[in-house]
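A.B. asks: quick check, what structure comes out for this input:
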Amino acid sequence: MAHHDQVSDDALHRRGLMFILSSPSGAGKTTIAQRLLRSDGHIRLSVSATTRPIRPGETEGEDYHFVTQSEFDRMVEEEHFLEWARVFGHSYGTPKAHVKAGLREGADFLFDIDWQGTQQLYQKLETDVVRVFLLPPSLDELRRRLTGRGTDSPAVIEARMERAQAEISHWDGYDYVVINDNIDTCFDKVVQILAAERMRRARQTGLIGFVRELTRPV
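C.D. replies: Model (predicted):
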């Protein structure tokens, strides 16, 4: 008879999850996302398709899948995307097949998208989605971060502040809201959220057989 003293975290199969990190510009989302990807080997960045030109230092298939507008339009028409949007004159979309196959295999995907993309993903794959929103500690601190190197005009900074406040107004469309007043503390909270969500019973697809073994007649 098989004897289990301890079950390791990876012993039972689980379904992957879609971990969404959103925030207004200046709230530290990019820093948190990069740190998470470096420190956690089980989560990968969801690679979007885009019509914008490739930039120096970017790699096809790693940073983005670079496509023409006509290719992108065909993919929209054929429903290849989980979500897509037009941002600053270019189209961006999350390819469906790659993500769905990965989730079945237990892969976790990190998404750096806004509230509209989050809504689209949640409507399509509700139980696979975990939504985390990062907030700045205050408007003064947000303004300080957006002011940055001091190269933007006051008018540009005001426009960025208005856009950030519009994004903040969608905070209640998320499962978790974390105030980023300290980057280390904020990162620790995001890691805790990811760890807990990985343990959700509904995602532990391997539990059924394991519990069946525990409850069979001895």
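A.B. asks: which residues of the chain fall in strands?
C.D. replies: For the chain, the strands defined by DSSP state E cover 18-22, 43-45, 49-50, 65-66, 81-87, 90-95, 108-111, 129-135, 176-179.
A.B. asks: return the most buried member of the ones you listed.
C.D. replies: Most buried of the strands of the chain by mean neighbour count (mean count of other C-beta atoms under 10 Å) is strand 18-22; its value is a mean of 24. Bear in mind the C-beta positions are built from the backbone N, C-alpha and C, glycine included.
A.B. asks: extract the C-alpha set from that strand and format it as PDB.
C.D. replies: Written as PDB, here are the backbone C-alpha positions of strand 18-22 (Å, rounded to 0.1, in the frame of the first residue of the first chain):
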ATOM      1  CA  MET A  18      -4.200  34.300 -14.500                       C
ATOM      2  CA  PHE A  19      -2.700  36.900 -12.100                       C
ATOM      3  CA  ILE A  20      -3.600  40.400 -13.100                       C
ATOM      4  CA  LEU A  21      -1.600  43.400 -11.700                       C
ATOM      5  CA  SER A  22      -3.200  46.800 -12.500                       C
END
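A.B. asks: which strands and helices sit next to it?
C.D. replies: With contacts defined as 3 or more C-beta pairs under 8 Å, 6 or more residues apart in numbering; DSSP states H and E, strand 18-22 has these neighbours: helix 29-39, strand 108-111, helix 115-124, strand 129-135, helix 183-198.
A.B. asks: make it 10 Å
C.D. replies: If contacts are counted by 3 or more C-beta pairs under 10 Å, 6 or more residues apart in numbering; DSSP states H and E, strand 18-22 sits against helix 29-39, helix 96-105, strand 108-111, helix 115-124, strand 129-135, helix 183-198.
A.B. asks: mind putting these into a markdown table with mean pLDDT?
C.D. replies: Shown next, in a markdown table, are the helices and strands packed on strand 18-22 (pLDDT from 0 to 100):
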| stretch | mean pLDDT |
| --- | --- |
| helix 29-39 | 94 |
| helix 96-105 | 93 |
| strand 108-111 | 96 |
| helix 115-124 | 93 |
| strand 129-135 | 97 |
| helix 183-198 | 97 |
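A.B. asks: which one of these lies closest to residue 12?
C.D. replies: Set against residue 12 and scored by C-beta to C-beta, the helices and strands packed on strand 18-22 come closest in helix 183-198, at 11.3 Å.
A.B. asks: between that closest one and strand 129-135, how big is the angle?
C.D. replies: Computed by axes from the mean of the first three to the mean of the last three C-alpha atoms, to 10 degrees, the angle separating helix 183-198 from strand 129-135 equals 160 degrees.
A.B. asks: in TSV: the strands of the chain, plus distance to residue 118.
C.D. replies: Below are those laid out as TSV (distance: least, C-beta to C-beta, whole Å):
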stretch	distance to residue 118
strand 18-22	5
strand 43-45	16
strand 49-50	18
strand 65-66	21
strand 81-87	8
strand 90-95	11
strand 108-111	8
strand 129-135	6
strand 176-179	12
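A.B. asks: I'm done for today, thanks for sticking with me.
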